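Asks: The sequence and its predicted three-dimensional model are supplied below.
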Amino acid sequence: MFVRLFSHLQRYRMIYLFNGSLLISGMISGGLLFSRQSTESLASLDSMIQTILSVDYIKNPEMIQNNLVSNLLLIGVVFFLGLSVAGIPFLTFIMFSKGVQIGFSCMLYIQTYALKGVAGILFTLIPFILFEMISFFILCAVAYEVSLSIILATFIEKTNLSLKSVLNHFLNYVLISLALVLISTLFKIYIMPILYGLIQF
């Protein structure tokens, strides 16, 4: 298992570095975007974060269902973009926007709860998005590879690409991403209330 994991990381290291750069750039942009918010906007955002930090949110079946459905739809979008020659710009935007969301949320925690917000980030925000981010980080990396392979085979090398082989390879990682999203859902239902209980805002 560790050999396969090491092999995977070696194969996709440049793509992971690229994705990591996008994520960090997005986080910085999210922080800058937050700093430009008006006082009125910050007041409305404060009520939003109170809802997010509510244990009732985590235990609410409708909220969990909506979160699961949105993640499954995003996996489907990434899958189809990976099979497109025009998918790379959109995949780049998805990864960057994820970074913006994280950066904005981190600044919101710190703005609302000062130093205690750092504990909130470590104990609530990061665990909340951990498995989802791993899922999309892996899937976007493979989607980049598939999209690049299609572009190379179609426009540069002028070779035939085995669609069956590409689909089998891609679908393996789609299944891994689906498993991680399901783990994330179970984590939010059973573990997150405990973590939220450790932080008394």
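Replies: Sure thing, it's come through. Numbering: from 1, shown residues only.
Asks: mind checking how far His8 is from Gln111?
Replies: Between His8 and Gln111 the distance, using CB to CB, to the nearest Å, works out to 38 Å. Glycine gets a C-beta too; all of them are placed from N, C-alpha and C.
Asks: What residues of stretch 81-92 count as buried?
Replies: In terms of neighbour count (16 or more other CB atoms under 10 Å), stretch 81-92 has its buried residues at 81-82, 87-88, 90-91.
Asks: Any idea which of these the model trusts least?
Replies: Confidence by pLDDT is poorest for Gly87 among the buried residues of stretch 81-92, given 83.
Asks: Apart from its neighbours in sequence, what residue is nearest it?
Replies: Of all residues beyond its chain neighbours, the one nearest Gly87 is Leu81 (3.5 Å), with distances taken as CB to CB, 6 or more residues apart in numbering.
Asks: what's the distance between the one you found and Lys116?
Replies: When distances are taken as CB to CB, Leu81 and Lys116 turn out to be 39 Å apart.
Asks: my guess is Ser35 meets Ile110, correct?
Replies: No. Contact status for Ser35 versus Ile110: not in contact, 11.3 Å apart, counting by CB atoms under 8 Å.
Asks: which of these two has more neighbours?
Replies: When neighbours are counted by other CB atoms under 10 Å, Ser35 and Ile110 differ, and Ile110 comes out ahead with 17 against 9.
Asks: Leu180 contacts Met133, correct?
Replies: No. Applying CB under 8 Å, one finds Leu180 not in contact with Met133, separated by 9.3 Å.
Asks: Compare the two (neighbour count), which wins?
Replies: Higher neighbour count among Leu180 and Met133: Leu180, with 23 against 18, using other CB under 10 Å.
Asks: Can you name the residues that contact that one?
Replies: For Leu180, the residues meeting the contact criterion (CB atoms under 8 Å, 6 or more residues apart in numbering) are 131-132, 134-135, 138.
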